[in-house]
Structure formats: structure tokens, C-alpha cells
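> coords below, sequence missing:
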Ligand SMILES: NC(=O)C1=CN([C@@H]2O[C@H](COP(=O)(O)OP(=O)(O)OC[C@H]3O[C@@H](n4cnc5c(N)ncnc54)[C@H](OP(=O)(O)O)[C@@H]3O)[C@@H](O)[C@H]2O)C=CC1
Ligand SMILES: O=C(O)CCC(=O)C(=O)O
């Protein structure tokens, strides 16, 4: 059952508003609301101890009107079919918004990877890949990392798929290790993109980066790089959190010290030179920019009114519930929505796929320059649409993306 503030309810409500604005009929609405294809699988694992455990896994392909489906694979205890449906729908809008030639998909396995050995995670990944193998492929659906997965997961997925095909297929996943055909710059691309948007938003609000402060929720693949690139730009990052707690430093956190401490202990908690703080307080502390970069639904009707940041940059997918979004808009907070702010990852995934298809490697400079250009273009377009129509950045972004997807259906002749 989808609760009123669940990610799926949130994604469907965003779509409904865009459909209303665009004046589409109910048939078109349903075409855009329903995933094209969903696969639920069960994944038996023989644990290192010899016991057998069975996990649930999913791959949802929301739309392929603009190209093959594209989106990450999440390993987390929260994963269920509705969460994956929401994330797949957001991928469709994200890919359309930044104009990469993909539809949207997402996958996941309901598992807490922290409780399993690397050998167990490899077996889970290989079995999951085998189960979803009939519907993935470089021209069908191209997975990538998300919460709880990484380049190693992608290497196992690529290998499992390639063994089944009888030859190496680099284009079946992105976010692979560079030594296996991954792109230079993919690992940090989402964070770089988040920071391009944060800096554009600060500029729009007339705040110099060197006068700005920020807090970042999450210190994983997206959050850690965000701390680094914000600090590199001169922004003082005052606080950061992970699943275990939060830390702060009034003079600004030292990224290198945090990264070294996390490499040693697995958490930002107790990093030397920092003070412990309540993780909930990080979301409402007095900073210019708040970057939620962990999970969905963290800004809610219960804390949105207390948010002091005047800029929120959504590194995570769906961190703001519909109710919180309305409160933040009412307060005049500039919310850079997920489908814009965290699109750097899929943009460089597209570059990685293009490099695999071309069998030609781009330099890091080329990747970063092209990423920056695409993020700037997307920001300018969304800001212009929001100003022209007097709507939030989220509404402007969603309407732009939904229209592109619906237009692709119409041009292809698949339109009802
Ligand atoms: N990776 C990518 O390229 C992209 C990711 N995203 C989105 O960004 C978000 C983060 O993904 P990613 O960085 O890849 O995932 P990771 O698994 O690498 O990191 C997740 C981070 O969130 C932390 N976390 C989890 N739950 C909480 C919580 N309740 N409070 C505070 N921190 C928490 C984790 O803590 P701990 O370290 O303790 O486990 C970890 O630091 C997700 O919404 C994802 O969908 C969006 C676009 C692309
Ligand atoms: O890189 C990709 O293909 C997708 C990344 C992703 O899952 C996301 O943007 O949410």
C-alpha cells in the first residue's frame, strides 16, 4: 500500500501536477504513470556459514520512449517494489531533462550489505544479474551503482552478463572500474554535478561561495564528493552525517581528515577535530546551502518549517516529501530538485556508454568539461522556465521532462 508520503506517492503527485499544467488527458497521464515493465525475482544465497537465505530483488523499467532504460541498482533494507517504481520514474524525467538518450529504470535488492561478506555480496549480485538478464543489455536497459552498490558490483554484473553472452559486453553497465572500460570521472560525477548546481544557485542568490556555508547529509558516493568539491570551491561545510551519526566543525570540515577517518572506521562519527551533533539538527542548522545526499523522505512536514538554509540542493533522489516541498516553497527556499541536481551521475554514465560503444576513451578533462556544460545548460533551462511560468524549479523541471517524454511517444506513433 502506498502511503501518502511514500516516494511513489510523491513521484505520482509530481507527475499529476505536470500533467495538469500540460493539459494532458487521462490516457496520457496513465501512459506516463505506469511502468512499461517490472520484474520481481527471488535470490537465494548460500551464506559463508552454509545456511541459505532468500532475498527479493526488482528491476523496473518505467519508460523507453527516448532510448534504452537507464538507472542504478540499490542494495538496502528499504528496497521494495514501490520504492523502485518511484526511483525508475524519476530516472525517466532526469534523463529527459538533461537530454541523454535514455528512458528510466531502477533496480534493487532488499538487503543490508553491511551484514554480508564481499563473497556473499558477489553471489547475490551474480544471481540477481542472472535473474534480470533477459531484460537488460546495452540496447535495452543499462544498470549503474546506487545506494549500497559500487564499481565492484558493476564489475560482477558486467562479468555475469558477459559470460552468458559468450563475449565481453562493456556497455551493459556503467559506473564500472576504469580498468574494465569505466569512464574517467564517473565515480565523482554526481557530486561534481551537485556542486555545479549549488554554485549556480548561490550565484543566482547573489552569495559568493567564499561567504557561504553548507551542511551535507550522507557521506557515501554522492555526499563525500559533495563535501570535497564544495570545500574546493571555498564553501565552508559545517556539518556532515552518515547512518551512525553527525559531526560539525565551526571553521569548516576538513574533507581529507573525514575521508581518512571513514576509510579507517567506516563512519564520520568521532572524526578528530570535529564535534558530535544530532543528525536531525543537521537538516535545520543555520547554513546557506543544505544538501540531502542520503535517502528519500528526510525533509518532511515535521521539519521543513525549521529549515534555515535558503538553498536546498537535492543530491539524493526524493529527499523532500510533497508536504515539505510546499512548505519550503512558501518560505522562499530555492530547492534544486533531484532530477536536475543529481543528474551528473547519469550524464557521465551516458559518456561511459558512448565511450564503450565507440571503443574510444575520453580524457578526464573532456568528461568534466562536457559534464559542466550539460549541468549549466540544464540549470539555465530550468531556471528560465521557472521564471517564465512563475513556478518552482521542481515544477519547471518536471514539466520540461514530462513534455519531452510525451512528445517522444507522439513522434514515434505509439501515442494512444
Ligand atoms: N551514486 C550515484 O551516482 C547517484 C546517487 N543518487 C542518489 O544519491 C543518494 C545517495 O546515494 P549514494 O551516495 O550513491 O549511496 P551510498 O550508499 O554510497 O551512500 C549513502 C550514504 O547515505 C548515508 N545514509 C543512509 N541512511 C542515512 C540516514 N538515515 N541518515 C544519514 N545518512 C544516511 C550512508 O551512511 P553510511 O555511510 O553510514 O552507510 C551513506 O553515507 C541516493 O538517494 C541515490 O539514489 C543520485 C544520482 C546518482
Ligand atoms: O548512472 C546511472 O545510470 C544512474 C544513476 C542513478 O541511479 C540516479 O541518477 O539516480
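Perfect, I can see it now. The structure displayed is predicted, hence computed values, not measured ones. Ligands and ions are numbered 1, 2, ... in the order given.
> Give the bridge partners for residue 59, please.
Beta-bridge partners for residue 59, by DSSP bridges, are residue 39, residue 107.
> Spell out which residues of the stretch 151-300 of the chain are next to ligand 2.
Within the stretch 151-300 of the chain, the positions near ligand 2 by CB under 6 Å from any ligand atom are 174-175. No exception for glycine: its C-beta is placed from N, CA and C like everyone else's.
> For the residue in the stretch 151-300 of the chain positioned nearest to ligand 2, which non-adjacent residue is spatially closest?
Closest residue of the stretch 151-300 of the chain to ligand 2, CB to the nearest ligand atom: residue 174 (5.3 Å). Distances taken as CB to CB, 6 or more residues apart in numbering put residue 349 closest to residue 174, at 3.7 Å, once the chain neighbours are dropped.
> Give the burial count for the closest residue to ligand 1 within the stretch 201-350 of the chain, as a bare number.
Nearest to ligand 1 in the stretch 201-350 of the chain, going by CB to the nearest ligand atom, is residue 220, at a distance of 1.7 Å. Residue 220 is flanked by 20 other residues according to other CB atoms under 10 Å.
> quick one: the residue nearest to residue 174 and ligand 2, what's the gap?
Plainly put, residue 349 is 3 Å away from ligand 2 if you go by CB to the nearest ligand atom, to the nearest Å.
> That residue contacts residue 186, correct?
Yes: Residue 349 is within contact range of residue 186, at 6.6 Å (criterion: CB atoms under 8 Å).
> Looking only at neighbour counts, state which of those two leads.
residue 349 (29 against 26).
> quick one: is the helix or strand containing the more buried one near ligand 1?
Residue 349 belongs to helix 344-358 when elements are defined using DSSP states H and E. Yes: applying CB under 6 Å from any ligand atom, one finds helix 344-358 in contact with ligand 1 at residue 345.
> elements contacting that helix?
strand 69-76, helix 81-97, strand 141-145, helix 189-204, helix 364-389 (3 or more CB pairs under 8 Å, 6 or more residues apart in numbering; DSSP states H and E).
> Return the set of buried residues in the longest one.
When neighbours are counted by 16 or more other CB atoms under 10 Å, the buried residues of helix 364-389 are found to be 367-368, 370-371, 374-375, 378-379, 381-383, 385-386.
> What's the separation between the residue of the stretch 151-300 of the chain closest to ligand 2 and ligand 1?
Taken as CB to the nearest ligand atom, the span from residue 174 to ligand 1 is 9 Å.
> Can you get me a residue count around that residue?
So residue 174, with other CB under 10 Å, has 30 neighbours.
> hang on, isn't it packed against residue 157?
No: judged on CB under 8 Å, residue 174 makes no contact with residue 157 at a distance of 10.4 Å.
> joint contacts of the two?
Common neighbours of residue 174 and residue 157 are listed as residue 143 (criterion: CB atoms under 8 Å, 6 or more residues apart in numbering).
> on that earlier part again, any residues in contact with both of residue 349 and residue 186?
Each of 174-175 lies in contact with both residue 349 and residue 186 under the rule CB under 8 Å, 6+ apart.
> Would you map the helices across the stretch 1-150 of the chain?
With DSSP state H, counting those that start in this stretch, the ranges of helices along the stretch 1-150 of the chain come out as 7-22, 26-33, 81-97, 118-132.
> Minimum distance to ligand 2: which of the ones you listed has it?
For the helices of the stretch 1-150 of the chain, the distance to ligand 2 is smallest for helix 81-97, at 5.8 Å, taking CB to the nearest ligand atom.
> Thank you kindly, that will do.
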